[in-house]
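S.K.: Below are the sequence and a predicted model; questions follow.
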Amino acid sequence: MAFATGVVMVSVLATLGQAADARHGVLRTGSPPSTAPCRICGSNVIRNPGAEAGGAATVAQSQRVPDWVGSGAFAAMGYRAPGGQLSPASPGPRARGSNYFFGGPDANVSTGTQLVSLLAGAAGIQGTVYATLSGWLGGYATRLVVSFSGRGGRLLRMIWIGPVKAKSGAPVGGLRYRVLGATVPVGATEATIRLVMTRAAAGRGSEAADDLSLFLYQPGGGSG
């Protein structure tokens with residue numbers, strides 16, 4: 001899992017501030033530590049972040065991946081599955097489990113979605129709360145997107161990591177680690193996590209991901 005890495009990254013971000021990058025919704029902030037407790041801070045809020053729930057897959061699974069709503073050919077694949085895209089020796093997380101997320105061999109676009117409640121009170125997120133989004137991504141165009149919304153489903157901010165590509169623009173072999181720091185918008189009540197896997201125009205799909213994390217952190221260590 002990428003939990004330990006997320007702790008380190010978020011601590012660094014809180015110390016150095018957020019790098020300005022409007023394209024990803026990352027804001028630089030000098031806000032003082034928040035006094036509003038964040039009851040969901042201090043852990044990875046993504047459920048089944050490594051496709052491990054449901055047991056090891058020996059072939060691509062077309063059935064539902066626990067905790068995710070899938071479309072296309074969204075599936076779990078075992079690292080030891082015969083004919084699989086990745087193996088235990090492929091570039092990727094060191095402490096990997098048995099499975100990874102796979103976009104399927106034939107689907108042009110596959111997605112996995114889950115909704116995370118951020119309600120720590122009636123008004124949602126209050127004060128300064130940081131987020132670190134991270135994951136291991138591979139293939140042609142795999143992205144992990146988080147949409148923070150407020151009351152009534154109003155979109156407040158969107159952040160993402162990926163895709164990862166070789167310099168030539170071709171899909172990369174194995175998985176590559178990507179991480180992004182951001183601030184959670186005040187008033188956010190939910191986060192929609194969406195893993196989007198788009199395969200190249202030609203060729204067999206190689207879209208994959210593992211060890212996904214959305215780690216929330218409150219300055220001063222507040223976790224409610």
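M.R.: Here it is on my side, so go on.

S.K.: Would you map the strands across the protein?
M.R.: Remark: strands assigned in the chain by DSSP state E are 69-71, 75-78, 99-102, 109-117, 130-139, 141-149, 155-161, 172-183, 190-198, 208-217.

S.K.: Show me what the last one is packed up against.
M.R.: Put plainly, it is strand 208-217. Identification of packing neighbours for strand 208-217 by 3 or more Cβ pairs under 8 Å, 6 or more residues apart in numbering; DSSP states H and E yields helix 3-16, strand 99-102, strand 130-139, strand 141-149, strand 172-183, strand 190-198. Yep, even glycine has a C-beta here, placed from its N, CA and C like the rest.

S.K.: do the same with the longest one
M.R.: Judged by 3+ Cβ pairs under 8 Å, 6+ apart, strand 172-183 is in contact with helix 3-16, strand 130-139, strand 155-161, strand 208-217.

S.K.: how far out from the middle of the chain is it?
M.R.: 9 Å (Cα atoms, centre = their mean, to the nearest Å).

S.K.: For the helices and strands packed on strand 208-217, state which one has the densest average packing.
M.R.: strand 99-102 (a mean of 30; mean count of other Cβ atoms under 10 Å).

S.K.: neighbouring strands for that strand, and are they parallel or not?
M.R.: Strand 99-102 has its sheet partners listed here by DSSP bridges as strand 75-78 (antiparallel), strand 208-217 (antiparallel).
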